[in-house]
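Novice: What follows is a predicted protein model with its sequence.
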Amino acid sequence: MKNKRPISRKPKDLTFAREAVVDPTLFARRLLGVKLSESQVEILHSIRHNRKTAIKACHGVGKTFILAVAVLWWLARYKDGVVLTTSFTYRQVQTQLWFEIHGLIGGARVRYPKVNSTQIKLRDDKNFALGLSTNRAEHFQGYHGQHVLIIADEAPGIDSEVMEAMAGIMAGGDVHLVMAGNPTIPNGAFFDAFHRERSSWNCITIDAFDSPNLQGLTLEQLLQMDPIEGGPLDQNPVPYMVTRRWVYEQYFAWWHGDESGSPIWMSRVRGEFPDQASVVYH
């Protein structure tokens, strides 16, 4: 058996490695070995360049996946980088964002240390990521550093006191805050980021028709497709993202004549806040 080719130590390779760590999209593609959609690239660039990023998205566009990429990039980018992650429930922290983090580490082209359920430590006690529950605002007190990334996934359900505690961490250092979720509730901190506080946030909206499987299509064109199994509705170049058939089926399940009368369709397919919140969680 031939020996594996030794890793090149040429200056150009070291330069590329440095560039890949600085640029989150290069980091994702070259060091984690993943492909990115246009919306995912936009999210990574926003996290890199903006102190506050708010992301409202439909189902199935890889939102939580790209947040997991951001966690690993931030840790690699800054030797003293700290990442705090949370979600609506601690179970969601474990089974969604940190599930994606574990998957990325397992397939990465670089070696990572052993990862606990919701904690990873790279270099020392100043370079780590941690998943926290949201049942007590005190959980977010005392975390400060030169470079801190805070990620709140499923942000519409997070208590306002917890959001205030996370905002308090931004008082010192280079701290970036990310809120992301389905726009199901037209009130609260997540809603405000897209409305009365919009000037403080870089806001990103991801419609199902922005995803790779529906990009370039209109709703009218989708509805004209033959629904036969194996037909055009099943021609999805990225099958693990929101599919044409799912959107087609939800149109008939959730549509009520016009967008303003269908809050579930608006929030879960079009990535927009509904006028009425009462219907959305049922």
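Specialist: Everything's here; your move. Computed from a prediction, not measured in an experiment: that's the story for all the values here.
Novice: what's around residue 19, how many residues?
Specialist: When counting by other C-beta atoms under 10 Å, one arrives at 12 neighbours for residue 19. Glycine gets a C-beta too; all of them are placed from N, C-alpha and C.
Novice: repeat for residue 97
Specialist: Residue 97 has 26 neighbouring residues, counting by other C-beta under 10 Å.
Novice: what does the model give it for pLDDT?
Specialist: pLDDT, residue 97: 94.
Novice: Am I right that it sits in a strand?
Specialist: No: Residue 97 is assigned helix when assessed by DSSP: H, G, I helix; E, B strand; the rest coil, not a strand.
Novice: give the contact list for it.
Specialist: Contacts for residue 97 (C-beta atoms under 8 Å, 6 or more residues apart in numbering) come out as 64, 67, 68, 71, 85, 87, 131, 151, 153.
Novice: between those, which is nearest residue 178?
Specialist: residue 151 (4.8 Å; C-beta to C-beta).
Novice: What does that closest one show for phi and psi?
Specialist: phi -120, psi 120 (degrees, to the nearest 10).
Novice: longest strand of this protein?
Specialist: Ranked by residue count and defined by DSSP state E, the top strand of the chain is strand 174-181.
Novice: ok so, going back, filter the contacts of residue 97 down to the ones in helices?
Specialist: 64, 67, 68, 71 (DSSP state H).
Novice: and the first one, what is it in contact with?
Specialist: When you say that, I think you mean residue 64. Residue 64 touches 96, 97, 100, 153, 180, counting by C-beta under 8 Å, 6+ apart.
Novice: For my notes, please list those in TSV and give distance to residue 193 for each entry.
Specialist: Listed next are the contacts of residue 64 as TSV, based on distance: C-beta to C-beta, whole Å:
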residue	distance to residue 193
96	20
97	19
100	23
153	14
180	10
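Novice: Separate out the buried members of these.
Specialist: Among the contacts of residue 64, the ones that count as buried by 16 or more other C-beta atoms under 10 Å are 96, 97, 100, 153, 180.
Novice: Using TSV, please lay out the contacts of residue 97 together with pLDDT and distance to residue 241.
Specialist: Shown next, in TSV, are the contacts of residue 97 (pLDDT from 0 to 100; distance: C-beta to C-beta, whole Å):
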residue	pLDDT	distance to residue 241
64	95	12
67	97	15
68	97	15
71	97	20
85	93	22
87	87	20
131	91	24
151	95	20
153	93	17
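Novice: Can you lay out those residues as JSON lines showing distance to residue 107?
Specialist: As requested, the contacts of residue 97 are exported to JSON lines (distance: C-beta to C-beta, whole Å):
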{"residue": "64", "distance to residue 107": "16"}
{"residue": "67", "distance to residue 107": "17"}
{"residue": "68", "distance to residue 107": "12"}
{"residue": "71", "distance to residue 107": "15"}
{"residue": "85", "distance to residue 107": "20"}
{"residue": "87", "distance to residue 107": "23"}
{"residue": "131", "distance to residue 107": "20"}
{"residue": "151", "distance to residue 107": "21"}
{"residue": "153", "distance to residue 107": "21"}
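Novice: Just the buried ones from those?
Specialist: 64, 67, 68, 71, 85, 87, 131, 151, 153.
Novice: how deep is residue 25 tucked in, by neighbour count?
Specialist: Residue 25: 17 surrounding residues under other C-beta under 10 Å.
Novice: Shouldn't it be within a strand?
Specialist: No: read with three-state DSSP, residue 25 is helix and lies in no strand.
Novice: Flag the shaky bits of the protein, pLDDT-wise.
Specialist: Counting by pLDDT under 70, the chain shows low-confidence ranges at 1-17, 135-137, 139, 141-142, 144-145, 256-261, 276-282.
Novice: Walk me through the domains of it.
Specialist: Under the assignment automatic domain parsing, the domains of the chain span 23-206, 213-268.
Novice: Helices along the protein, start to end?
Specialist: Using DSSP H, helices in the chain cover 11-22, 24-26, 38-49, 63-77, 90-92, 98-107, 160-169, 188-193, 219-223, 244-254, 263-268.
Novice: So which of those helices is nearest residue 113?
Specialist: helix 98-107 (9.3 Å).
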